[in-house]
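> Okay, structure incoming, though there's no sequence with it:
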DNA sequence: TTTCACTTTTAACATTTTTTAACACTTTTT
DNA sequence: AAAAAGTGTTAAAAAATGTTAAAAGTGAAA
């Protein structure tokens, strides 16, 4: 069991800060919360972190400046920016290239956690090497790395999007996967047509899994989807 | 471990300037940022640099003038120009001859870094001598320097473009190589026909590598390609 | 210069992946 | 109950990719 990833969270809104800290700690991260850029910098200078989560709009020392200063200390530290929706396109284009990912307020903890894990998986593979590349869905095996579903002697190759969506469902096994989150993470955007496209993909995944009686993809109306596996204990 | 390459970046847009500086520093370069031609010239006169990255459109002293003045001080310094897309063809043709490479805004940091490395490799081979000239792809050896693929007793000579494309894939081993970036770097332009041409090359590379069961070139629809090597650990 | 060998691009056609449209059905709201 | 919103499914359309072969380009040798 690898040590927990250490996250520096810099957020000036105390409420959002506490809630985020708690949620991330519940997910097994070690989180240090700083309320402004100055103390964020001080924390970073004094401790070793695996990732920084920085609000762009900070009083005094803004997030981008802080990120620059932090990178001065450690050029390779992964940084995720938190931005308000109101930011102009060009401003976004500007900082996009300077960070590993970004998330738009208001965001769900679930999406945040998934983004953090994705960044850590890319940048510090050793930290989450234990992450499984194969998922067991009832008596079906989902080989994510090779985009393959294996049931008895049948092998079904999956396309990239099928594979990404199914992986998200697996990560939420027997829990609800929120529609918006899935759209943001797999399709990158969130409009009517992409939503319909996702429905088509869910239909495909259901077809691939239909031979396995103990498995189904349920819809929670207005919320999302749940990959349900009946336990045969 | 060679010392970091020192880059003089002259860019008047502060946001883009900072972001670019950060990203390059993250890649291990030492970057000095100047906000206009005058201070750029002053910096160059006072310090030793390995490469200059100059925006064409600068207030007061424009990029081309600055480059000329800099070359007066050091005729062999590599220069990369940054240009806006709007520039007229003839203007581009004009400055192309005066620099080692150029990149069109908006660009991705990934592409910029690859271009810088390519220029340094050409002009200051000693600075990145540590760069490997041979890549291991599964049980196949790719000898980039000699444009040769070696598998057991088979040797396959590669053409220049085959070799460049394969090298890019190797640099992104098990990661996605963006289509646009590959096109910009290997073909220099990015249109329908060049894209089709690249597909033909990918097909050729697949054929060369097909004997090696642990190697494949995957397509990520709409994104790019990934050279995947199954680890046999 | 012409020829030859080789590289690269273009064209053509097959296939795969993704999106869009259409229609039936379900759930929630009014 | 009727209307509206949401979902399930299938098929068609559009876009992207894989592959092969012919055409065009290139440079060196005869």
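Right, received. Where do you want to start? These figures come from a predicted structure and were not determined experimentally.

> pLDDT score for residue A:231?
Per-residue pLDDT puts residue A:231 at 78.

> Please tell me how far it sits from residue B:36.
68 Å (C-beta to C-beta, to the nearest Å). Placement of C-beta: from N, CA and C, glycine included.

> what about those two, which has more around it?
residue B:36 (17 against 7; other C-beta atoms under 10 Å in any protein chain shown).

> my guess is the more buried one meets residue B:62, correct?
No: with contact defined as C-beta atoms under 8 Å, residue B:36 does not count as touching residue B:62 (10.0 Å).

> where does the residue nearest to the spatial centre of chain A land on pLDDT?
Centroid-nearest residue in chain A, with C-alpha atoms, centre = their mean: residue A:114, separated by 1.6 Å. Per-residue pLDDT puts residue A:114 at 93.

> Give me the nearest residue to it, chain neighbours excluded.
With sequence-adjacent residues excluded and distances taken as C-beta to C-beta, 6 or more residues apart in numbering or on different chains, residue A:114 is closest to residue A:185, at 6.0 Å.

> what sits against that neighbour?
A:111, A:114, A:115, A:164, A:168 (C-beta atoms under 8 Å, 6 or more residues apart in numbering or on different chains).

> residues contacting the residue nearest to the centre of chain A?
Residue A:114 makes contacts with A:168, A:171, A:181, A:185, as judged by C-beta under 8 Å, 6+ apart.

> how many other residues sit next to the first one?
As a burial measure, residue A:168 scores 18 neighbours (other C-beta under 10 Å).

> Quickly note the distance from it to DNA strand C.
Using C-beta to the nearest atom of the strand, to the nearest Å, we find residue A:168 at a distance of 14 Å from DNA strand C.

> contacting residues for that residue?
Counting by C-beta under 8 Å, 6+ apart, residue A:168 touches A:114, A:177, A:181, A:182, A:185, A:186.

> Which ones among the residues you listed map onto helices?
Judged by DSSP state H, helices contain the following of the contacts of residue A:168: A:114, A:181, A:182.

> Out of these, the closest to DNA strand C would be?
Proximity of these to DNA strand C (C-beta to the nearest atom of the strand) peaks at residue A:182, which lies at 12.1 Å.

> Give me the nearest residue to that closest one, chain neighbours excluded.
Distances taken as C-beta to C-beta, 6+ apart place residue A:168 nearest to residue A:182, at 5.5 Å, with adjacent residues excluded.

> Residue A:10 too?
Spatially, and ignoring its direct neighbours in sequence, residue A:10 is nearest to residue A:40 (3.7 Å; C-beta to C-beta, 6+ apart).

> I'd like to know which elements the helix or strand hosting the one you found is packed against.
Following DSSP states H and E, the helix or strand that holds residue A:40 is helix A:37-46. When contacts are defined as 3 or more C-beta pairs under 8 Å, 6 or more residues apart in numbering or on different chains; DSSP states H and E, helix A:37-46 packs onto strand A:6-10, strand A:30-34, helix A:63-73.

> and those, which is most packed in?
For the helices and strands packed on helix A:37-46, the largest average neighbour count (mean count of other C-beta atoms under 10 Å in any protein chain shown) is found in strand A:6-10, namely a mean of 23.

> so that one versus strand A:30-34, what angle?
Here strand A:6-10 points in a direction 20 degrees away from that of strand A:30-34 (axes from the mean of the first three to the mean of the last three C-alpha atoms, to 10 degrees).

> I'd like to know which elements strand A:6-10 is packed against.
With contacts taken as 3+ C-beta pairs under 8 Å, 6+ apart, strand A:6-10 sits against helix A:14-26, strand A:30-34, helix A:37-46, strand A:51-55.

> Okay, now the sheet partners of it, with direction.
Here strand A:6-10 is paired, per DSSP bridges, with strand A:30-34 (parallel), strand A:51-55 (parallel).

> Quick one: closest of the ones you listed to DNA strand D.
Of the strands paired with strand A:6-10, nearest to DNA strand D by C-beta to the nearest atom of the strand is strand A:51-55, at 29.9 Å.

> For residue A:228, list each beta-bridge partner.
The partner list for residue A:228 in beta bridges (DSSP bridges) reads residue A:216.

> residue contacts, residue A:119?
A:51, A:78, A:80, A:100, A:101.

> buried stuff in the helix or strand it falls within?
Using DSSP H and E, the element containing residue A:119 is helix A:109-123. Within helix A:109-123, the residues scored as buried using 16 or more other C-beta atoms under 10 Å in any protein chain shown are A:110, A:111, A:112, A:113, A:114, A:115, A:116, A:117, A:119, A:120.

> tell me what the helix or strand following it is packed against?
Per DSSP H and E, the first helix or strand lying C-terminal to helix A:109-123 is strand A:134-137. In terms of contacts (3+ C-beta pairs under 8 Å, 6+ apart), strand A:134-137 is packed against strand A:140-143, helix A:160-171.

> quick one: the last one to chain centroid distance?
Chain-centre distance of helix A:160-171: 13 Å, with C-alpha atoms, centre = their mean, to the nearest Å.

> before we move on, what about stretch A:191-209?
Mean-position distance between stretch A:191-209 and its chain equals 20 Å (C-alpha atoms, centre = their mean).

> what's that stretch in contact with?
With contacts defined as C-beta under 8 Å, 6+ apart, stretch A:191-209 is touched by A:137, A:140, A:149, A:156, A:158, A:161-162, A:165-166, A:169, A:179, A:182-183, A:186-187, A:215-217, A:225.

> Also near DNA strand D: which of the residues you listed, exactly?
A:179, A:225 (C-beta under 7 Å from any atom of the strand).

> ok, of the contacts of stretch A:191-209, which come out buried?
A:137, A:140, A:149, A:156, A:158, A:161-162, A:165-166, A:169, A:179, A:182-183, A:186-187, A:215, A:217, A:225.
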